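>>> Pasting a predicted model and its sequence here:
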Amino acid sequence: MADIQFGQLQADLPAYQNSGSIKINNVIPLAVGYKSFPRFVALSGAGLSTTPVGLFTSFSANGSTNYAGDTTKLYQMDSSLVFQDKSKAGGYTNSTTEGSRDFWAFTQFGANIIATNGADYIQKFEEGVDSLFSDLVSDLKSKYLAVVRDFVVTGFTTEYDTAKTFDSNTISSNEITIAGHGWSTGDTIVYDRNSNTALTNLTDGSTYYVIYVGTNTFKVATTSANATAGTAITLTATGGSETHKFQKHTVNNQRCKWSGLNNSSTWTPSQTTQSGYQDIVGSHGNVQAIVGGESYGVIFMERAIYRMDYVGTPLIFQFDKIADNIGAFAPKSVVSFGSDIFFLAQDGFYKLSGGQQLTPIGVGRVNDFFLQDLTSNFEGICSAVDPNNSMVVWSYRGSGATGTGTVNNKLLCYNYAVDRWSTGSDQDLHFLNTASQEAFTTLESLDVLGTLDGLPYSLDSYFYDEGIIGLGAFDSDKKFGKFLGASLDATVDTTEFEGAKNRNSTLLTARPIVDANGSDNTTISVTPITRSSQADAITEGTAVTTKSNGDCPMRSTSRYHRLRVDVTGNFKTMSGVDVEAKPTGKR
């Protein structure tokens, strides 16, 4: 038999007569076969201070600029590919509202870069004007945000009432006096020492829970359960008259709130400004992601998807459910390109087209494989789009991972133009997102990518220009980089086949169809994988390297065969294997 083409990745199907393959690694899917996947190359000389949890590229008349966030700071990349600290005074907290980290979500609204992480007040940085980030508002936090039409839309909000003051000298029997406080048992309040010495057993900036005593008095507890039980914190007056503050806040996990029309600093609901909010109540869980757009927005819940359309006053936006019991299983798995949105639901991967057409894209191919391979760091699943290769990529922590638990080691790749999948391995990344880079303007500036012979694209390729969007990431050293290096070591299996119908056969020669374009650093080998019956475990033979004529001579005898093609070094494409086989006896 001859010319066994490499099919699509169908890791969830049986190996025998699988029209595709159960192993396709470190390559980019094509309509026929696969092409090489460039290696990640760190471009920034120094890493971020702590764990990277956000990455964003802005665009303006002056070009593109990258922004990033870690657990304590926000950064802006300079022309030397160095991330400069642009945090507001005091930096940021890491309250672990999403597992082990608070991820930053970014958007661009005119000249303003807006960022939020759910733990700090929403931040803004006006390009060309501001030298540091600052609070966009002082009474609103959110986990997610996007721009929909002419509004900034946030989701999963924490909203703060006006702070109320009290005199520390009036504390008696652990009771605090604030006239007409209006609070109930269990309400969450934040303590502010107001630049004075903190009261005994209270920590400035920490959250406490109200125990209602009377219209003008209350106590505080460390937890909601303690508040319900009436277990109060022991407080003592300072002996002098000092003003302290408490500020009530409410967490609205199912709320979407939007700014005023063309005004990102206005958030008080108003028919005049058109600022407002919508609570999407029901059993569909938290808001998980918001995808913006010029015509409409899409709100992902844990178990539902809603579309928001602008209708003007008095409603401002109309919310319609477009999917029930299907939502975003991991918040950072949601990624969009054009009118398509790709995401991981509880039962696998989906594509949402045009804000209404939902299509499963992983069933029978990668859903089971992915969910079984995912080992930990669930909240750290992140995604990006590579429009240069019509590809969506998800980064996750899978089998074989070592080291820090926040570092992912695997990729899952989907070519949306040809509807085919592949995987990636040995990619130790803290965070992955779509991003640009500064232009490589000289040959010397390309040195960071390796030798000229090892570059995946010609020197005059647009890939090296400023503003070219592609896969950006932070590696295990917290350094920013892109996938612009030499080819990754690739592995692609054929389907499992019989060399002769209903009998044993011996494979005599395999010729892998790999186009290396004359590269002298490329090694191509073929490994026979066999078993005598479908009930047997597979046996991997010895890898055979191609000879000068491109053949791999072998004598592999069995009933069922697969061939694994491994390529190290640079190559362009790989499409299949030509096989010479002969029957050896019937079983």
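Here it is on my side, so go on.
>>> Which parts of the stretch 451-587 of the chain are strands?
Ranges of strands in the stretch 451-587 of the chain, per DSSP state E, counting those that start in this stretch, are 470-475, 480-487, 490-493, 503-515, 523-531, 539-540, 544-545, 552-558, 560-568, 573-586.
>>> residues of the second one that come out buried?
Within strand 480-487, the residues scored as buried using 16 or more other CB atoms under 10 Å are 480-487. Every C-beta, even on glycine, is put in place using the N, C-alpha and C of the backbone.
>>> That strand pairs with which strands, parallel or anti?
Strand pairing for strand 480-487, determined by DSSP bridges: strand 38-42 (antiparallel), strand 470-475 (antiparallel).
>>> How about the contacts made by the residue nearest to Ser265 when sequence neighbours are not counted?
Distances taken as CB to CB, 6 or more residues apart in numbering put Leu136 closest to Ser265, at 6.5 Å, once the chain neighbours are dropped. The contact partners of Leu136, by CB atoms under 8 Å, 6 or more residues apart in numbering, come to 114, 121-124, 264-265.
>>> if I look at Leu136, how far off is Thr177?
For Leu136, the distance to Thr177 (CB to CB, to the nearest Å) stands at 34 Å.
>>> Check Pro528 too.
Relative to Thr177, Pro528 is positioned 83 Å away (CB to CB).
>>> How about Thr200?
Computed with CB to CB, the distance linking Thr200 and Thr177 is 17 Å.
>>> Which of those two has more residues huddled nearby?
Shown here are Thr200 and Thr177; by other CB atoms under 10 Å, Thr177 has more neighbours (15 against 12).
>>> So for that one, what pLDDT did the model give?
Model confidence at Thr177, given as pLDDT, is 95.
>>> That one against Gly214, yeah?
No: here Thr177 lies out of contact with Gly214, judged by CB atoms under 8 Å, at a distance of 9.3 Å.
>>> mind checking how far the residue nearest to Ser265 is from Asn117?
Leu136 is 13 Å from Asn117, by CB to CB.
>>> Repeat that for Ser390.
Distance from Ser390 to Asn117, by CB to CB: 31 Å.
>>> Who has more neighbours out of those two?
Of the pair Ser390 and Asn117, Asn117 is the one with more neighbours under other CB under 10 Å, namely 28 against 16.
>>> what's near enough to touch the residue lying closest to Thr158 once chain neighbours are set aside?
Nearest non-adjacent residue to Thr158, counting by CB to CB, 6+ apart: Lys141, 4.1 Å away. Applying CB under 8 Å, 6+ apart, we find Lys141 in contact with 116, 118-122, 157-159.
>>> What of Lys572?
35-36, 515-517.
>>> do Ser184 as well
By CB under 8 Å, 6+ apart, the residues touching Ser184 are 210, 212.
>>> Give me the three-state assignment for it.
Following DSSP: H, G, I helix; E, B strand; the rest coil, we place Ser184 in the coil state.
>>> next one: Leu48
Assignment for Leu48 (three-state DSSP): coil.
>>> mind showing which ranges of the stretch 251-400 of the chain have poor pLDDT?
Regions of the stretch 251-400 of the chain meeting the criterion pLDDT under 70 are absent.
>>> mind listing the strands for it?
Going by DSSP E, counting those that start in this stretch, the stretch 251-400 of the chain shows strands at 276-279, 287-291, 296-301, 304-312, 316-324, 335-337, 340-345, 348-353, 357-360, 374-376, 382-386, 391-398.
>>> What is the subsequent helix or strand relative to the last one?
Going down the chain from strand 391-398, the next helix or strand is strand 408-415, by DSSP states H and E.
>>> who touches the residue nearest the centre of the chain in this structure?
Closest residue to the average C-alpha location of the chain: Cys382 at 1.9 Å, with CA atoms, centre = their mean. Taking CB under 8 Å, 6+ apart, we find Cys382 in contact with 332-333, 394-395, 408, 431-433.
>>> Quick one: those residues as TSV, columns for neighbour count and distance to Ser270 too.
Below are the contacts of Cys382 laid out as TSV (neighbours: other CB atoms under 10 Å; distance: CB to CB, whole Å):
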residue	neighbour count	distance to Ser270
Lys332	26	33
Ser333	22	35
Trp394	26	40
Ser395	29	41
Asn408	25	43
Phe431	30	37
Leu432	28	39
Asn433	23	34
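>>> Report the secondary structure state of Asn226.
Assigned by three-state DSSP, the conformation of Asn226 is helix.
>>> Quick one: neighbours of it, just the number.
16.
>>> how would you label the closest residue to Ala198 other than its chain neighbours: helix, strand or coil?
Distances taken as CB to CB, 6+ apart place Asp204 nearest to Ala198, at 5.2 Å, with adjacent residues excluded. Under three-state DSSP, Asp204 falls in the coil class.
>>> How about the one 4 residues further on?
When the structure is split into helix, strand and coil by three-state DSSP, Tyr208 lands in strand.
>>> So it versus Asn253, what's the distance?
Distance, Tyr208 to Asn253, by CB to CB: 20 Å.
>>> now Trp394
Distance of Trp394 to Asn253, computed by CB to CB: 24 Å.
>>> Check Gln372 too.
Here Gln372 is placed at a distance of 30 Å from Asn253 (CB to CB).
>>> neighbour-wise, which of those two wins?
Legend: neighbour count by other CB under 10 Å for Gln372 and Asn253, higher for Asn253 (17 against 12).
>>> What does the closest residue to the more buried one other than its chain neighbours show for phi and psi?
Closest residue in space to Asn253, ignoring its immediate chain neighbours: Asn286 at 4.5 Å, by CB to CB, 6+ apart. Torsion angles at Asn286 (phi, psi; degrees, to the nearest 10) stand at phi -80, psi 160.
>>> I figured Asn216 hits Gly182, correct?
No: the criterion here is CB under 8 Å, and Asn216 misses it with Gly182 at 10.2 Å.
>>> Which residues lie in contact with the closest residue to Ile211 other than its chain neighbours in this structure?
In space, and not counting its chain neighbours, Ile211 is closest to Lys219: 4.0 Å by CB to CB, 6+ apart. Lys219 is in contact with 174-176, 210-211, 213, 232-233, 235, counting by CB under 8 Å, 6+ apart.
>>> Reformat those residues as a markdown table; add neighbour count and distance to Pro583.
Listed next are these as a markdown table, based on neighbours: other CB under 10 Å; distance: CB to CB, whole Å:
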| residue | neighbour count | distance to Pro583 |
| --- | --- | --- |
| Asn174 | 16 | 90 |
| Glu175 | 17 | 93 |
| Ile176 | 23 | 90 |
| Val210 | 22 | 82 |
| Ile211 | 25 | 84 |
| Val213 | 18 | 91 |
| Ala232 | 19 | 85 |
| Ile233 | 17 | 83 |
| Leu235 | 18 | 89 |
